[in-house]
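K.L.:
coordinates only, sequence not included:
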Ligand SMILES: Nc1ncnc2c1ncn2[C@@H]1O[C@H](COP(=O)(O)OP(=O)(O)O)[C@@H](O)[C@H]1O
Ligand SMILES: [Mg+2]
């Protein structure tokens, strides 16, 4: 294994990528990833999403700079990397919630650059958010109806224009009911979304995303804030998406989940794709772990760091106490 000059990591694998005989093996879904070379930008046999030169700057900061990335159709791909790596920004760009400074990308072979988020959803690519966007003052069912339009909260007045519903309402409500049942939220249908637990809101978001009958689902930290009692069911739901032929791209910090459900892992750091490959290969690689994953999570604090953190916590406490005494 060697690190390229640009910091990319090329992982060695037992089996070299088959060249010229690719048609002999299965090319679709997770099976199509077997034997692929583990290096950033490696072509996939059946890509549903292809990104080229996608760049997003915030002032002087280059938040995303993805040279080339292909996502295999019908597989579960995990996007991992430290906080601030650009994962959410990349999701925002691909799904039309933000605009890149540069770059192109195609979904199902058609360019998606400059396409508005709700149109991206109608083309079959939907996403959920790191912080759930379930609208707490609408009922669970109303959130689901909103999902059918591919709209997010800000545009919901437009989405609720009665004309949109005429003739569609019944089929939309039927689909909502069956999804709510699948996600065990049917009993909550007329409750306000705000009354749901964090995990139930994540489920609602996933259910809502499915209202447009997507071909690709992008999940930004589906496990964040989810009670352990619900994690197995969430995992099951993500695997179900693949069973039903959908493509899944998800961001997650929980490495157990990544190892458990992903067919392929892409590592981002400082806006770039620095490694990709099968989970066993990528996540066992010391260079990936040290440089991008483990070190800043698990390294024990030295005494000085510990005292700094304690001091910071104490001053926050003091400030909060002072605030309370004032009022
Ligand atoms: N709207 C914004 N304005 C300025 N900087 C931003 C904005 N959104 C994200 N960033 C910066 O871009 C970098 C990537 O952020 P993000 O995509 O949220 O990372 P991740 O999801 O991998 O944790 C971070 O340094 C973050 O502070
Ligand atoms: Mg993020």
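P.N.:
It's in. It should be emphasised that the depicted structure is a prediction, and the values quoted were computed from it without experimental measurement. Ligands and ions are numbered 1, 2, ... in the order given.
K.L.:
can you map out the strands along the stretch 201-327 of the chain?
P.N.:
Ranges of strands within the stretch 201-327 of the chain are 216-220, 247-251, 264-269, 272-277, based on DSSP state E, counting those that start in this stretch.
K.L.:
okay, the ones you listed in JSON lines with distance to residue 230 next?
P.N.:
C-betas here are computed from N, CA, C, even on glycine. Listed next are these as JSON lines, based on distance: least, CB to CB, whole Å:
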{"stretch": "strand 216-220", "distance to residue 230": "14"}
{"stretch": "strand 247-251", "distance to residue 230": "16"}
{"stretch": "strand 264-269", "distance to residue 230": "24"}
{"stretch": "strand 272-277", "distance to residue 230": "29"}
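K.L.:
possible to save those as CSV with distance to residue 123 and mean neighbour count?
P.N.:
Written out in CSV, the entries for these read as follows (distance: least, CB to CB, whole Å; neighbours: other CB atoms under 10 Å):
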stretch, distance to residue 123, mean neighbour count
strand 216-220, 9, 24
strand 247-251, 13, 25
strand 264-269, 22, 25
strand 272-277, 24, 25
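K.L.:
residues of stretch 232-247 that come out buried?
P.N.:
Using 16 or more other CB atoms under 10 Å as the test for burial, stretch 232-247 gives 234, 235, 237, 238, 241, 242, 246, 247.
K.L.:
Just name the closest of those residues to residue 36, please.
P.N.:
Minimum distance to residue 36 across the buried residues of stretch 232-247 is 16.1 Å, recorded for residue 247 (CB to CB).
K.L.:
Get me the contact residues on the protein for ligand 2.
P.N.:
By CB under 5 Å from the ion, the residues of the chain that approach ligand 2 are 88, 130.
K.L.:
give me that answer again for 8 Å
P.N.:
Residues of the chain lying close to ligand 2 by CB under 8 Å from the ion are 83, 87, 88, 89, 91, 130, 220, 221, 251.
K.L.:
Give me the buried subset of these.
P.N.:
Using 16+ other CB under 10 Å, the buried ones in the residues of the chain next to ligand 2 are 87, 88, 89, 91, 220, 221, 251.
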